[in-house]
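Novice: Let's see this in three dimensions:
(2 chains)
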There are 2 protein chains.
Amino acid sequence: MSWFLQQRGALEAAQEMIKEEIAEKLDIKQLIASDSLNTFRIADLGCATGPNTFLAVQTILEAVQPKFGSQNSQTFPEFQVFFSDLVSNDFNTLFKSLPPQSQRPYFAAGVPGSFHGPLFPKASLNFVHSSCALNWLSQVPKSVSERTSSAWNAGKILYSSSSSREVTEAYSCQFANDMGLFLQARANELVGGGLMALVIPGLSDGILFSETSSALQFELLGSTLVSMANMGLVSKEKVDCFNLPVYFPSLEELKAIIERNREFRIEKMEAISPPKMKTEPKQCISGLKAVFEGIIGKHFGSNVTEELFEQCSIKAAEPSVLLLDTDMPTLHVLVVILKHNGNGNA
Amino acid sequence: MSWFLQQRGALEAAQEMIKEEIAEKLDIKQLIASDSLNTFRIADLGCATGPNTFLAVQTILEAVQPKFGSQNSQTFPEFQVFFSDLVSNDFNTLFKSLPPQSQRPYFAAGVPGSFHGPLFPKASLNFVHSSCALNWLSQVPKSVSERTSSAWNAGKILYSSSSSREVTEAYSCQFANDMGLFLQARANELVGGGLMALVIPGLSDGILFSETSSALQFELLGSTLVSMANMGLVSKEKVDCFNLPVYFPSLEELKAIIERNREFRIEKMEAISPPKMKTEPKQCISGLKAVFEGIIGKHFGSNVTEELFEQCSIKAAEPSVLLLDTDMPTLHVLVVILKHNGNGNA
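Specialist: Reported below is the predicted structural model:
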């Protein structure tokens, strides 16, 4: 799922880039040397229910298969794809949307669990992909929801221009911690020479999140909640302790985390700028709703959530509230291609 | 799921037998020689939604693990378990019932699809288990639902004492065909030396299905449908073309199919007799309902199905309708332990 409508074009560019990187960087000889490689195993982490995960897998297969030569060649492997997401994901829908076994060039499996921990046996994967999923934190950083903390983020739902420095730092720390756990788990699961392609909406260097048009959308959501509290439609207490568990890292930040892990070589790292396009404010709000209504509904109840997005939609239509077609900076799509250093454990 | 309440005791005995057979027949040296065996992969085919599948996996693990020595030994592998069933299975419920990753000694995955065809890459499994699932046919044999066929099974829902020989033959052929496809697919997927444990409610030699107490239950279901048609509660046409896609093979029959396939050595084959126990007719009917209401509801609608089981329950309570505590033969539980012959493809 794309986080913001505006990013769709950039996500397509990211898929193209992954394809090129596989063609260039996937070293089949290295993989074969470390394993008999009858089966090439791919995992998509944070797959949701499709169809994006199926398209991503198709992209990967189209790039990987030619590297093994013709389908009749001795070394041409079978492919097994693991679709993974949280236990709460709707795997029934995912499985029903899969092309039937006879019409797809891979065996499919679903893996329930958090990608912040182990999901697969040691050295059992040849390729890992994850798109628009690592932005989800394992939890809201504790301090931002605590009234007594210096990072208490009352009346806001994410680190924003009016949040204190402590809030942004707490979010940044949580992301670094989660991403560290992710890399540690994958380092164990990927064979030596295996590639990992990560697509993460985030910031190009030098831009702050609060300066982006996406931040405006979250601020609108937050200020609408505060208005609703002022009108007595929702408890102020509930609004003050609510924050979203999402983060948009910068390229720089991501690079530092990966280098700290030391298990992966960065093959490519780029922030793709989304194409400039005019988006209707109403569309933006329904995009936000699709992503966040579950988590907001869980905290506030579904009535409040309906009312919230209704009011946001009205507000967003006012001139000067969401300046989405201006030259304001936008979130970029960060694409990272990593190669696993390990070599002896496959 | 057990097909008939009476079999529960036999199913427990079957699990014990599987455990003993693993201890005796699983040749770890052979497996290691043909593969580096970092990961021991187990599949449960026809897993449904638990908890039986989790118990079966636990049984298998308890028998397999000691064969690798201590958990600290160099050769002690990680375990990956594939829970497989039809796409229509409720995998969401299955995944939610799984013990959390940190509390189970294996990585879990779900695999949607029919076990009458390929589900896994070549030589990628070390152990296959399937309990009470191979009784489901891939379809009702075509001829038994066709008015023009000599095997037309009007007014009955399964091969029974009043069905023609052609009906029973059509069912037997369909089972042999399905079982053949199952064995062919598994022969490709299991490594050489890999074991397969099949638990299939069926007949001990010399007993006909129509002589068993289980057949009585199906006949009651069928005759109740016919009464309902006579009362105008359901269309006679619909009753005449309805048959259940299930079969209960004999030990002999199963043996012949396995030998025809030639890819497996029979390590053990036994018909376990269920313990004699008195079962309340009402319980039997609700057991049948649990297994068949989905498939019956799909054909007749849910109102008819409710009425059907209601009427069956009333009829079953009449003395002499379901003689379940007599010395009538019962379905046995067939346990088959097979070892895959293949040796070069792992």
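Novice: Hmm, A:W152 is touching A:V140, no?
Specialist: No - the criterion here is CB atoms under 8 Å, and A:W152 misses it with A:V140 at 11.9 Å. For the C-beta atoms, the positions are set from N, CA and C on the backbone; glycine is no exception.
Novice: And the average pLDDT for the helix or strand hosting A:D44 is what?
Specialist: Using DSSP states H and E, A:D44 falls within strand A:39-45. Across strand A:39-45, the average pLDDT comes to 96.
Novice: Point out the other helices and strands that it packs with.
Specialist: On a contact count with 3 or more CB pairs under 8 Å, 6 or more residues apart in numbering or on different chains; DSSP states H and E, strand A:39-45 meets helix A:52-64, strand A:78-85, strand A:125-131.
Novice: run the last query once more with 10 Å
Specialist: Counting contacts by 3 or more CB pairs under 10 Å, 6 or more residues apart in numbering or on different chains; DSSP states H and E, strand A:39-45 packs against helix A:52-64, strand A:78-85, strand A:107-112, strand A:125-131, helix A:165-189, strand A:190-202.
Novice: quick check: angle from it to strand A:107-112?
Specialist: Orientation of strand A:39-45 against strand A:107-112 (axes from the mean of the first three to the mean of the last three CA atoms, to 10 degrees) gives an angle of 40 degrees.
Novice: Which neighbours in the sheet does strand A:39-45 have, and how are they oriented?
Specialist: strand A:78-85 (parallel), strand A:125-131 (parallel) (DSSP bridges).
Novice: which residues of the stretch 101-250 of chain A score low on pLDDT?
Specialist: Applying pLDDT under 70 to the stretch 101-250 of chain A flags no residue at all.
Novice: who in it is up against chain B?
Specialist: A:101-102, A:106-114, A:117-124, A:189 (CB under 10 Å from any CB of the partner chain).
Novice: does A:P245 really touch A:A170, like I thought?
Specialist: No - between A:P245 and A:A170 there is no contact under CB atoms under 10 Å: 11.7 Å.
Novice: quick one on the thing from earlier: could I get the strands paired with strand A:39-45 in JSON lines, plus columns for mean neighbour count?
Specialist: Formatted as JSON lines, these follow (neighbours: other CB atoms under 10 Å in any protein chain shown):
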{"stretch": "strand A:78-85", "mean neighbour count": "23"}
{"stretch": "strand A:125-131", "mean neighbour count": "25"}
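Novice: can the ones you listed go into a markdown table with extra columns for distance to A:I22?
Specialist: Formatted as a markdown table, the strands paired with strand A:39-45 follow (distance: least, CB to CB, whole Å):
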| stretch | distance to A:I22 |
| --- | --- |
| strand A:78-85 | 13 |
| strand A:125-131 | 8 |
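Novice: Which among those strands is found nearest to B:I258?
Specialist: strand A:78-85 (25.6 Å; CB to CB).
Novice: same question for the helix or strand that comes right after the closest one, mean pLDDT?
Specialist: Once strand A:78-85 ends, the next helix or strand along the chain (criterion: DSSP H and E) is helix A:91-97. Averaged over helix A:91-97, pLDDT sits at 98.
Novice: Any idea how far helix A:91-97 is from the middle of the chain?
Specialist: Offset of helix A:91-97 from its chain centre (CA atoms, centre = their mean, to the nearest Å): 20 Å.
Novice: CA atoms only: put that helix into CSV for me.
Specialist: Taking C-alpha atoms only, helix A:91-97 is exported to CSV below (Å, rounded to 0.1, in the frame of the first residue of the first chain):
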residue,chain,number,x,y,z
PHE,A,91,-4.2,-14.0,5.0
ASN,A,92,-7.5,-15.5,3.8
THR,A,93,-8.0,-12.7,1.4
LEU,A,94,-4.3,-12.8,0.4
PHE,A,95,-4.5,-16.5,-0.4
LYS,A,96,-7.8,-16.1,-2.3
SER,A,97,-6.2,-13.4,-4.5
